[in-house]
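Asker: Could you look at this predicted model? Sequence included:
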There are 2 protein chains.
Amino acid sequence: MANAKRTAGSPKNGPAVKRTRREDREWSPFQASKFSQRVCNPIRSIVDTIKRPEKTTKEMIPLSLGDPTVFGNFPPSDVLVQTIVANVNSGKCNGYAHSAGTPAARAAIAARYTSKESPLTPADIVIASGCSGALDLAINGLLNPGQNLLVPQPGFSLYQTLAEAHGMSVRHYRLLPEHSWQADLKDMESLIDDDTGAILVNNPSNPCGSVFALDHLKAISALAARHRLPIIADEIYGNMSFDGHSFHSLGTVSLEAPVLVCGGLAKEFLVPGWRVGWVCVHDRNGLFEDVRKGLFRLSQMILGANSLVQSVIPTLLSPNEGSKEQRSLRLFQKKTMTQLQSNAMFTVQELQDVEGLRVVRPQGAMYVMVGIEVDVFEGFDNDMSFCQQLLEEESVFVLPGKCFGAPNFFRIVFTAPREKLALAYARIKGFCERRRK
Amino acid sequence: MANAKRTAGSPKNGPAVKRTRREDREWSPFQASKFSQRVCNPIRSIVDTIKRPEKTTKEMIPLSLGDPTVFGNFPPSDVLVQTIVANVNSGKCNGYAHSAGTPAARAAIAARYTSKESPLTPADIVIASGCSGALDLAINGLLNPGQNLLVPQPGFSLYQTLAEAHGMSVRHYRLLPEHSWQADLKDMESLIDDDTGAILVNNPSNPCGSVFALDHLKAISALAARHRLPIIADEIYGNMSFDGHSFHSLGTVSLEAPVLVCGGLAKEFLVPGWRVGWVCVHDRNGLFEDVRKGLFRLSQMILGANSLVQSVIPTLLSPNEGSKEQRSLRLFQKKTMTQLQSNAMFTVQELQDVEGLRVVRPQGAMYVMVGIEVDVFEGFDNDMSFCQQLLEEESVFVLPGKCFGAPNFFRIVFTAPREKLALAYARIKGFCERRRK
């Protein structure tokens, strides 16, 4: 193979090489590749325009970062810590893993997410470097340059970053705050054309904290099926739903349109920095056979996730029935969700009666979106200036909705300890009172 | 930003959407993306054609995989194990890191690789998911589709896999076994044309086990500079050289042409599965300013390396001067290199007098290439059939040179325990004796 290649530009047995004038040139700065120039993280460029206050007497309370580990009040499970320590000490998890993941980890993921409606085997699982890596595999494995991907608005900006880097475009379908952030299906349908490659659904949602009802997921699936479109489901917050709101995976709901479900350890197990995610290929009637092969080929480029973190997946996702680990993990998950839900309800309780703010009640994940009725206030006229001034005057940092395509909203991450949340919300109330006309 | 986007295909305020006939279509299988179709791992497709013997009475000895952890005789350093255990238990290394790596890790990498000739700061370091991820960043950050990359032959096939996936091509310059695998500079120069984007140099070499002398590196640098070409240096085996062969980084040697040096923890610290690598940007006169920015943008796509493994980098690369850790790490490195060198010399000693084989004496890393004088033997006529039959008859698995573009060579990974190496080499000798004409 290599031999055949080398002839391409070789004077020995190929066409004569076009001689270059390189030696006559001066040095001139190298341009970064066109690919790298297409990489744009909109959140970063928006957040960078927000100035940090230079002097402030108030303690800074960041409610901006979607990372539950920041304050230390959401520790990982003891089972996770003990298993990884044991595996480090064993010396047996240091070597290369299969590029798509270790057989044991892939088997555990398949076992966790398989269902009667959509049986999964290890051959349906590709492990990647975090859920971001899984989303990149899914988007780059399924779509071609020039195609468009339907994505939610408000939504996580990485979808756009990945699609545009690969030469695809995104079209944003609306989520409706007045309907608990359900998707506007008419809007979604109106965006579909011949170049549409897939519909991306994020449930539970970042930044909305919404959890789609089963009926709504069925309606989305039916729409995708009618248009013969596959679905990419970002379910990194799967199973993180609050009482009264059941999470359903599109992998089991969509029975006609095939689905690539992206998930990972990050949020459920509170280790977002550990970078282990996966794509589950929910094929339908062999429609995804070639795509599955493509995903495995793509995984050979980087040899994604690290073997050490992969080594804990079997224990975390498929603990032995009735084992100590299983009991401990259930307690951990219950404790985590109780704490998240309690923080969510506290947030609603504290902010729902603030005149000029509209809290959209969260149903899961760790986010809430709050609308700003800018006409009620003076001194700022949109979410950017609201967030800037809140930061300057109250040292509370929340992300403006602009980061997610949601003008005149702001996003709160409610994973901070209760006393910090209480302080932050009191400051937000005070700020709004002072600015109310 | 998102708002502007959604108008693209929206009927509300953009041009009318071209209605699709999607609803009239039948389902038909989805094709994997063109990008994924370009991903080809030549080693995999070659190795897959080698049949494993179905029944064999001899114990299988794999000398094929470039992974020093396989047999358990190359354990990682105690410092590494203790540090990572402490960091897991601290609960402080679970959250998101900066997409280009933690400041502490980047500072430690800069401190380790900085030099008077080429000073580095943390702003010159981008951490990635393994050295493979670093190579992908370097190639995709520097070159554009349609350009060509000069790569060594024999060489590691990943360079070709990455370049071709991104729509670039590779041109192979010869390494000369009769000159300890130095590069054929005339050949290298003859391949350069207007579309050449960079010269990739792998030193110490996989699969050759060679270490370039300082003069040779200077000659390569001068060639690159004459043609105004940047260098991508794969130095994942840096510092793994044997007595009498000093390793020099192109980052300090090339004083005119700028260099992207790719490295990682994998080989030096014996944890290849942990997937932490990096690019060091050795700029020259600002020629790489834009490229550096491009690399940082690319890192935002996946948020590369895991925070847990990054947390050990400061201790491993920049231990406190005179500390217990520093002493322990020095002992570890000395022990590892002594053992590797001893295995290398044993390999030479055992195989150099076998008629029909030509051992090219290794100078570093963990590989040796052995030439096969096929005319001397009967029953096989190239490296593929040699390796296949050796496997069938002797249960010794070595990779055919074809995997690296080196016909009629085979590669031995000499990290197996001494008694396994001895047994394997005795079997190779017996095989060659039986097959000699």
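Answerer: Perfect, I can see it now. Residues are numbered from 1 along each chain as shown, chains lettered A, B, ... in the order given.
Asker: Pull the distance from the one helix or strand A:Thr315 maps to to the chain's centre.
Answerer: Under the criterion of DSSP states H and E, A:Thr315 resides in helix A:313-317. Centroid displacement of helix A:313-317 relative to its chain, using C-alpha atoms, centre = their mean, to the nearest Å, is 21 Å.
Asker: Mind giving me the packing neighbours of that helix?
Answerer: When contacts are defined as 3 or more C-beta pairs under 8 Å, 6 or more residues apart in numbering or on different chains; DSSP states H and E, helix A:313-317 packs onto helix A:78-90, helix A:103-113. Where C-beta positions appear, they are placed from N, C-alpha and C, glycine not excepted.
Asker: right, and the helix or strand after that helix?
Answerer: Note on helix A:313-317: by DSSP H and E, the next helix or strand toward the C-terminus is helix A:324-351.
Asker: who does the helix or strand that comes right after that following helix pair up with?
Answerer: Next along the chain after helix A:324-351, taking DSSP H and E as the criterion, comes strand A:357-359. Paired strands of strand A:357-359, with direction, are strand A:367-372 (antiparallel) (DSSP bridges).
Asker: how distant is the helix or strand that the partner strand is followed by from the center of its chain?
Answerer: Using DSSP H and E, the helix or strand that directly follows strand A:367-372 along the chain is helix A:383-394. Chain-centre distance of helix A:383-394: 26 Å, with C-alpha atoms, centre = their mean.
Asker: how about helix A:383-394: buried residues?
Answerer: Buried residues in helix A:383-394, counted by 16 or more other C-beta atoms under 10 Å in any protein chain shown: A:Asp383, A:Met384, A:Ser385, A:Phe386, A:Cys387, A:Gln388, A:Leu390, A:Leu391, A:Glu393, A:Glu394.
Asker: OK, contacts around A:Lys276?
Answerer: Check again: residue A:276 is Val, not Lys. By C-beta atoms under 8 Å, 6 or more residues apart in numbering or on different chains, the residues touching A:Val276 are A:Ile127, A:Ser129, A:Gly130, A:Gly264, A:Leu265, A:Ala266, A:Ala305, A:Asn306, A:Val309, A:Gln310, A:Ile313, B:Asn306.
Asker: quick one: least confident helix or strand in chain A?
Answerer: Least confident helix or strand, chain A: helix A:2-6 with a mean of 40, by mean pLDDT, DSSP states H and E.
Asker: ok, and what's touching the following helix or strand past it?
Answerer: Sequence-wise, the next helix or strand downstream of helix A:2-6 (DSSP H and E) is helix A:34-38. Helix A:34-38 is contacted from outside by A:31, A:164-165, A:167, B:140-141, B:144-145, B:166, B:294-295, B:297-298, using C-beta under 8 Å, 6+ apart.
Asker: Inside helices: which ones of these?
Answerer: A:Glu164, A:Ala165, B:Asn140, B:Gly141, B:Gly294, B:Leu295, B:Arg297, B:Leu298 (DSSP state H).
Asker: By neighbour count, which of the residues you listed wins?
Answerer: Of all the ones in helices among the contacts of helix A:34-38, the highest neighbour tally under other C-beta atoms under 10 Å in any protein chain shown goes to B:Gly141, namely 30 neighbours.
Asker: Give me the pLDDT for the residue nearest to A:Gln326 when sequence neighbours are not counted.
Answerer: Excluding its sequence neighbours, the residue lying closest to A:Gln326 (C-beta to C-beta, 6 or more residues apart in numbering or on different chains) is A:Pro319, at 4.0 Å. On the pLDDT scale, A:Pro319 is placed at 94.
Asker: tally of neighbours for A:Pro319?
Answerer: 19.
Asker: likewise A:Gly146?
Answerer: Using other C-beta under 10 Å, A:Gly146 is surrounded by 10 other residues.
Asker: Let me know whether it touches A:Gly167 as I believe.
Answerer: Yes: with contact defined as C-beta atoms under 8 Å, A:Gly146 reaches A:Gly167; the gap is 6.8 Å.
Asker: related to what we said a few turns ago, contacts made by the helix holding A:Thr315 with the rest, please.
Answerer: With contacts defined as C-beta under 8 Å, 6+ apart, helix A:313-317 is touched by A:77, A:79-80, A:83, A:102, A:104-105, A:107-109, A:111-112, A:265, A:269, A:276, A:325, A:329.
Asker: returning to that earlier point: got JSON lines for the ones in helices among the contacts of helix A:34-38, with distance to B:Gly95 and pLDDT too?
Answerer: JSON lines is the format used below for the ones in helices among the contacts of helix A:34-38 (distance: C-beta to C-beta, whole Å; pLDDT from 0 to 100):
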{"residue": "A:Glu164", "distance to B:Gly95": "27", "pLDDT": "97"}
{"residue": "A:Ala165", "distance to B:Gly95": "25", "pLDDT": "96"}
{"residue": "B:Asn140", "distance to B:Gly95": "27", "pLDDT": "97"}
{"residue": "B:Gly141", "distance to B:Gly95": "26", "pLDDT": "97"}
{"residue": "B:Gly294", "distance to B:Gly95": "26", "pLDDT": "97"}
{"residue": "B:Leu295", "distance to B:Gly95": "23", "pLDDT": "96"}
{"residue": "B:Arg297", "distance to B:Gly95": "22", "pLDDT": "94"}
{"residue": "B:Leu298", "distance to B:Gly95": "22", "pLDDT": "94"}
